[in-house]
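Asker: Please find the sequence and the predicted model below.
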Amino acid sequence: MASWVLSECGLRPLPKTYPKPRTGFSSTFNNNPLKIKTSPVFPPVLSDLKSISCCSNSREKKWEVNVSAPLRVSNPPPIEEDNDENDNKVIDEFNPGAPPPFKLADIKNAIPKHCWVKNPWKSMSYVFRDIAVVFGLAATAAYFNNWIVWPLYWIAQGTMFWALFVLGHDCGHGSFSNNPKLNSVVGHLLHSSILVPYHGWRISHRTHHQNHGHVENDESWHPMSEKLYNGLDYLSKKLRFTFPFPLLAYPIYLWVRSPGKSGSHYHPDSDLFTPSEKNDVLTSTACWSAMVALLVGLSFAVGPMQVLKLYGVPYVIFVMWLDLVTYLHHHGHEDKLPWYRGQEWSYLRGGLTTIDRDYGWINNIHHDIGTHVIHHLFPQIPHYHLIEATEAAKPVLGKYYREPKKSGPLPFYLLDVLLKSFKKDHYVSDTGDIVYYETDPTL
């Protein structure tokens with residue numbers, strides 16, 4: 001049986017550097033000094049911006065750059081203006097949609113070499129830790145079996161299911177170890193146990209990383225165009241942006257994807273996959289089906305109510321964690337985040353629109369997945385090196401890195417961020433190569 005799993009779960013590690021996305025869009029960007037002029041059509045934007053600086057504890061760099069204004073910009077973030085004696089308009093606010101004055105290689109070179117080293121024993125130690133906690137929580141809840149313990153158990157176990165997902169996520173990126181067979185076996189065991197089709201998810205998540213920030217080609221929490229949004233009925237719009245319904249979307253997404261896209265993570269002929277990936281998808285779906293069969297068998301053995309309490313409710317909490325964390329990595333009403341089309345998109349610019357979040361005590365439990373910017377740019381870095389890699393990269397990133405708000409022991413403040421984003425971030429314009437979320441006033 002073990003040899004069959006090993007043979008069927010082959011997984012090639014991700015390349016050291018990402019290939020160009022399948023869409024064929026250019027990933028180049030302009031490093032010339034930043035100089036954006038006004039016109040009768042557009043409001044005044046960045047003009048003669050000087051000294052964009054990036055600070056660290058030990059040194060300070062200053063860049064002076066000029067870039068051309070994009071041909072079409074929809075709803076740029078508001079920019080404050082100051083008038084000098086000559087009535088020249090000087091703009092001091094950072095423009096997140098402008099091409100960065102650094103390259104991906106500059107960020108990579110700033111990260112210490114040991115941060116790229118994958119230690120399979122260390123990775124496995126986290127797996128053993130999390131599995132021990134999962135079984136310990138289940139045994140404790142079953143032993144006491146009272147309605148004071150069960151709610152606490154559901155929250156704790158749902159959080160641990162989310163931690164298992166993050167470790168399987170590392171396997172999918174190849175950051176768990178350099179052994180693709182080990183990555184595949186561990187990834188299948190972890191993800192199948194929480195009803196995630198490992199290869200199906202792995203492939204679509206790779207698409208997300210390779211196209212992040214692109215309006216049409218991104219795969220996870222990307223915006224709907226205004227035309228697509230207006231084509232939804234009112235109830236669909238309301239459910240999509242009313243708490244807590246968006247936090248229950250993940251199982252639906254696995255089956256039918258996002259509006260405007262077709263295909264299933266369980267079907268080998270889905271648009272998500274190439275013909276060469278058919279066997280991988282079939283293997284994942286078979287493992288997922290085996291887990292469903294196991295849960296059905298347990299329902300007959302110990303009763304459906306016990307399975308619901310031990311597994312069903314924590315699974316729902318896990319789904320809410322997954323949707324919450326992934327949504328907040330890619331939405332920020334506090335900082336308007338650009339989305340790109342055409343030649344304005346690049347792998348670097350798309351990756352820089354992600355946001356780090358602080359989760360207090362949960363940071364360690366879910367393996368620092370809130371440290372997300374560097375992970376998005378370099379998913380080969382193991383999770384236990386992400387914090388150090390981020391600190392090393394900050395001087396290069398400058399204002400393109402948005403320092404996360406510090407959390408208390410539990411990240412309750414993020415609910416306010418989430419709810420405000422639901423109220424404001426609804427769709428993007430059908431036109432424009434650099435666009436920002438717009439708001440539907442009827443919601």
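Answerer: Ah, there it is.
Asker: buried ones in stretch 168-184?
Answerer: Across stretch 168-184, burial judged by 16 or more other C-beta atoms under 10 Å covers 168-177, 180, 182-184. C-betas here are computed from N, CA, C, even on glycine.
Asker: any chance you could map the helices in the stretch 51-200 of the chain?
Answerer: Using DSSP state H, counting those that start in this stretch, the helices assigned to the stretch 51-200 of the chain run over residues 104-110, 120-144, 149-173, 180-193, 198-210.
Asker: packing partners for the second one?
Answerer: Pointing back at helix 120-144 there. Helix 120-144 makes packing contacts with helix 149-173, helix 180-193 when contacts are defined by 3 or more C-beta pairs under 8 Å, 6 or more residues apart in numbering; DSSP states H and E.
Asker: circling back to that earlier point, if we only consider the buried residues of stretch 168-184, which is nearest to P382?
Answerer: Taking C-beta to C-beta as the measure, S175 is the one of these closest to P382, at 4.9 Å.
Asker: So the closest one is in contact with Y384, correct?
Answerer: No - shown here, S175 and Y384 do not form a contact pair, counting by C-beta atoms under 8 Å, at 9.7 Å.
Asker: Only the buried residues of stretch 220-240, if you could.
Answerer: With burial defined by 16+ other C-beta under 10 Å, the residues of stretch 220-240 counted as buried are 220-226, 229, 237, 240.
Asker: typo on my end, it should be stretch 248-261
Answerer: Buried residues in stretch 248-261, defined by neighbour count with 16+ other C-beta under 10 Å: 249-250, 253-254, 257-258.
Asker: quick one: average confidence on that stretch?
Answerer: The average pLDDT within stretch 248-261 is 92.
Asker: now do stretch 207-215
Answerer: Over the span of stretch 207-215, the pLDDT mean works out to 95.
Asker: quick one: T354 is in a strand?
Answerer: No - secondary structure of T354, determined by DSSP: H, G, I helix; E, B strand; the rest coil: coil, with no strand assignment.
Asker: Might you report the residue contacts of it?
Answerer: When contacts are counted by C-beta atoms under 8 Å, 6 or more residues apart in numbering, T354 is found next to 212, 329-330, 372-373, 376.
Asker: same check, this time on H331
Answerer: H331 makes contact with 221, 337, 355, 421, 425, 437, according to C-beta under 8 Å, 6+ apart.
Asker: Where does the prediction get shaky in the stretch 251-400 of the chain?
Answerer: 333, 335 (pLDDT under 70).
Asker: Which stretches in it count as helices?
Answerer: 278-302, 304-307, 313-329, 347-351, 362-365, 373-377, 386-397.
Asker: Output those as JSON lines; include the columns mean neighbour count and distance to Y198.
Answerer: JSON lines is the format used below for the helices of the stretch 251-400 of the chain (neighbours: other C-beta atoms under 10 Å; distance: least, C-beta to C-beta, whole Å):
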{"stretch": "helix 278-302", "mean neighbour count": "16", "distance to Y198": "5"}
{"stretch": "helix 304-307", "mean neighbour count": "14", "distance to Y198": "22"}
{"stretch": "helix 313-329", "mean neighbour count": "20", "distance to Y198": "15"}
{"stretch": "helix 347-351", "mean neighbour count": "23", "distance to Y198": "24"}
{"stretch": "helix 362-365", "mean neighbour count": "16", "distance to Y198": "22"}
{"stretch": "helix 373-377", "mean neighbour count": "24", "distance to Y198": "19"}
{"stretch": "helix 386-397", "mean neighbour count": "20", "distance to Y198": "22"}
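Asker: Any chance of the ones you listed in TSV with distance to W121 as columns?
Answerer: Rendered in TSV, the data for the helices of the stretch 251-400 of the chain read as follows (distance: least, C-beta to C-beta, whole Å):
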stretch	distance to W121
helix 278-302	25
helix 304-307	34
helix 313-329	27
helix 347-351	30
helix 362-365	19
helix 373-377	21
helix 386-397	19
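Asker: Could you point out which of those sits nearest H205?
Answerer: Between H205 and these, the shortest separation by C-beta to C-beta is 10.0 Å, and it involves helix 313-329.
Asker: on that earlier part again, between the buried residues of stretch 248-261, which is nearest I111?
Answerer: Proximity to I111 was ranked across these by C-beta to C-beta; first place goes to Y250, at 30.9 Å.
Asker: V319 is in contact with the closest one, correct?
Answerer: Yes - with the criterion set as C-beta under 8 Å, Y250 and V319 qualify as a contacting pair; they are 4.9 Å apart.
Asker: any idea how far N95 lies from H331?
Answerer: In this structure, N95 lies at 19 Å from H331, with C-beta to C-beta, to the nearest Å as the measure.
Asker: Check S220 and give its pLDDT.
Answerer: In this prediction, S220 carries a pLDDT score of 88.
Asker: one step back: would a markdown table of the helices and strands packed on helix 120-144 with mean pLDDT be doable?
Answerer: As requested, the helices and strands packed on helix 120-144 are exported to a markdown table (pLDDT from 0 to 100):
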| stretch | mean pLDDT |
| --- | --- |
| helix 149-173 | 98 |
| helix 180-193 | 98 |
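Asker: Filter the buried residues of stretch 220-240 down to the ones in strands?
Answerer: Among the buried residues of stretch 220-240, none falls in strands (DSSP state E).
Asker: Now, those residues that are in helices?
Answerer: Restricting these to those inside helices, with DSSP state H as the criterion, leaves 226, 229, 237, 240.
Asker: and which of the residues you listed is nearest W345?
Answerer: Comparing these against W345 with C-beta to C-beta picks out E226 as the nearest, at 18.7 Å.
Asker: Spit out the contact partners of that closest one.
Answerer: For E226, the contacting residues are 427-430, 438, taking C-beta under 8 Å, 6+ apart as the criterion.
Asker: please redo it, this time with the cut-off set to 7 Å
Answerer: Taking C-beta atoms under 7 Å, 6 or more residues apart in numbering as the contact definition, E226 lies against 427-430.
Asker: any idea how far S258 is from it?
Answerer: Distance, E226 to S258, using C-beta to C-beta: 16 Å.
Asker: next one: H209
Answerer: Here H209 is placed at a distance of 16 Å from S258 (C-beta to C-beta).
Asker: And for P96?
Answerer: Computed with C-beta to C-beta, the distance linking P96 and S258 is 24 Å.
Asker: Likewise for L298?
Answerer: L298 sits 33 Å away from S258 when distances are taken as C-beta to C-beta.
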